[in-house]
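Colleague: Structure here, sequence nowhere to be found:
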């Protein structure tokens, strides 16, 4: 009997103590989430509304340990150097090192107006220590556009335009020479740097970065006018009418994994334009970022716009979900804007576009509510002490019952 009483006391004491000391059930939780993306565009060229070339890079990472990257060098829609990598777990890596298409084969008209010497790309994706990283590059080293007279829809339109421009006093001969050079001379000669999209992740931040390197662009290397009775050397240039020098466009977005906040920056390149117009003194000026420029200047009597420039625009935007997007555009050039069939530009060039974004949410733990407690008086609640008292009493009863069985000859059950 005493042993049963002792056992019952021990059980009651243990239950009481446990109920007093144990907490409620575990709370619900959500894991950390984040994402980063970036893209760069080193070259986006279209002629008469048709997109022809591009040097592209794209990178993405996510908190589910996926990382992807893609680098592309595009000669024409049918001539593409494209490298992609993708991983989706820890301690995975895939890399496709830099590779190039060496030369552009002869193309049929109207694509024979293009000359491209090199296009390269690379792609790398990896996850190390639960931190995804991706990196991609795209490059077009040299681009030339010449002899647009081989494009039938442009040839007749430019011929009519040249005839009209020659009738303009003073500027007429120069403008007519420009249009003649567009038809048969070197329209565009440019060296382009690479674009790179890269995202890195560590314990503190997700950093998304995109850059499109700068270049020097020479437009309208003029073909000499031919005086009746004389002979001109074919395609001997007088020098470029316009030389445009730019830096680089860069966009960065960062997600702070400690604070859960995102931030971004952008840096559109500054642009310098040099003019070498026959009969006028050479001049060089900087194009004001965010302000459209035209050559000849807007308002010149009787002169149409030969060249339109948009330079140095960019912005950082905080999205409704708290993520941040940054965009930078270094330079957009339109040659004879709106004068091609259908109202398109004779030549449209977008150089150095970059955008990046990053965002996420911190991991959370929601504590479960504690069970209600009974009112008490004094400085401390009495339930934990009562539980300990029950436990001590039960142990004492058990000990006495055990000793008493020997002293009084009780049979222990």
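Modeller: Right, received. Where do you want to start? Treat the numbers as computed from the prediction; the structure is a model and nothing was measured.
Colleague: quick one, helices of the stretch 101-250 of the chain?
Modeller: With helices called from DSSP state H, counting those that start in this stretch, the stretch 101-250 of the chain shows them at 152-165, 172-184.
Colleague: what about residue 34, which helix or strand?
Modeller: Applying DSSP states H and E as the criterion places residue 34 in strand 33-47.
Colleague: Residue 368 now?
Modeller: Short version, using DSSP H and E: residue 368 is in no helix or strand.
Colleague: Ramachandran angles for it?
Modeller: The phi/psi pair for residue 368 (degrees, to the nearest 10) reads phi -70, psi 150.
Colleague: ditto for residue 342
Modeller: Torsion angles, degrees, to the nearest 10, at residue 342: phi 80, psi 10.
Colleague: dump the residue contacts of residue 213.
Modeller: The contact partners of residue 213, by C-beta atoms under 8 Å, 6 or more residues apart in numbering, come to 42, 192, 193, 194, 195, 248, 352. C-beta: built from backbone N, CA, C; applies to glycine.
Colleague: my bad, residue 359
Modeller: If you count contacts by C-beta under 8 Å, 6+ apart, then residue 359 has 34, 35, 255, 262, 319, 321, 322, 323, 324 around it.
Colleague: Pick the one among these closest to residue 199.
Modeller: Nearest to residue 199 among those is residue 35, at 9.4 Å by C-beta to C-beta.
Colleague: any idea how far the residue lying closest to residue 275 once chain neighbours are set aside is from residue 216?
Modeller: Of all residues not flanking residue 275 in the chain, residue 283 sits nearest, at 5.2 Å (C-beta to C-beta, 6 or more residues apart in numbering). Residue 283 sits 17 Å away from residue 216, taking C-beta to C-beta, to the nearest Å as the criterion.
Colleague: before we move on, the earlier item: if you rank the contacts of residue 213 by neighbours, which is first?
Modeller: Taking other C-beta atoms under 10 Å as the neighbour criterion, residue 195 ranks highest of the contacts of residue 213 with 33 neighbours.
Colleague: what's across from the closest residue to that one other than its chain neighbours in the sheet?
Modeller: Nearest in space to residue 195, with sequence neighbours left out and distances taken as C-beta to C-beta, 6+ apart, is residue 40 at 3.2 Å. On the basis of DSSP bridges, residue 40 is bridged to residue 57, residue 354.
Colleague: who's in contact with residue 40?
Modeller: Neighbour list for residue 40: 56, 57, 138, 195, 196, 197, 210, 211, 212, 353, 354 [criterion: C-beta under 8 Å, 6+ apart].
Colleague: Where does confidence bottom out across those residues?
Modeller: In terms of pLDDT, residue 353 ranks lowest among the contacts of residue 40, with 73.
Colleague: burial of that one, as a residue count?
Modeller: 25.
Colleague: Over to residue 125?
Modeller: 28.
Colleague: Relative to residue 342, which of the contacts of residue 359 is nearest.
Modeller: Closest approach between the contacts of residue 359 and residue 342, by C-beta to C-beta: residue 319, at 35.8 Å.
Colleague: ok, that closest one touching residue 325?
Modeller: Yes - with contact defined as C-beta atoms under 8 Å, residue 319 reaches residue 325; the gap is 6.3 Å.
Colleague: Among those two, which residue is more densely surrounded?
Modeller: Shown here are residue 319 and residue 325; by other C-beta under 10 Å, residue 325 has more neighbours (21 against 11).
Colleague: Model confidence at that one, what's the number?
Modeller: With respect to pLDDT, residue 325 has a value of 94.
Colleague: Please apply the same query to the one 5 residues further on.
Modeller: You'll see residue 330 listed with a pLDDT of 74.
Colleague: got it, and residue 84?
Modeller: Per-residue confidence (pLDDT) for residue 84: 97.
Colleague: Equivalent analysis for the one 5 residues further on, please.
Modeller: According to the per-residue confidence, residue 89 scores 95 in pLDDT.
Colleague: Please report the distance of residue 255 from residue 244.
Modeller: 36 Å.
Colleague: thinking again about what came up before, hmm, residue 272 and the residue nearest to residue 275 touching each other?
Modeller: No - using C-beta under 8 Å, residue 283 makes no contact with residue 272, being 11.2 Å away.
Colleague: correct me, but residue 325 touches residue 264?
Modeller: Yes - counting by C-beta under 8 Å, residue 264 is a contact partner of residue 325 at 6.8 Å.
Colleague: Give me the common contacts of these two.
Modeller: Here residue 325 and residue 264 have 253, 316, 356, 357 as joint contacts, going by C-beta under 8 Å, 6+ apart.
Colleague: how far away is the first one from residue 207?
Modeller: Counting by C-beta to C-beta, the separation of residue 253 from residue 207 is 8 Å.
Colleague: Same check on the second one?
Modeller: For residue 316, the distance to residue 207 equals 15 Å [C-beta to C-beta].
Colleague: okay, the two: which has more neighbours?
Modeller: Neighbour count, other C-beta under 10 Å: between residue 316 and residue 207, residue 207 has more, with 20 against 17.
Colleague: what's near enough to touch the more buried one?
Modeller: Residue 207 touches 36, 199, 200, 201, 252, 253, 254, 358, counting by C-beta under 8 Å, 6+ apart.
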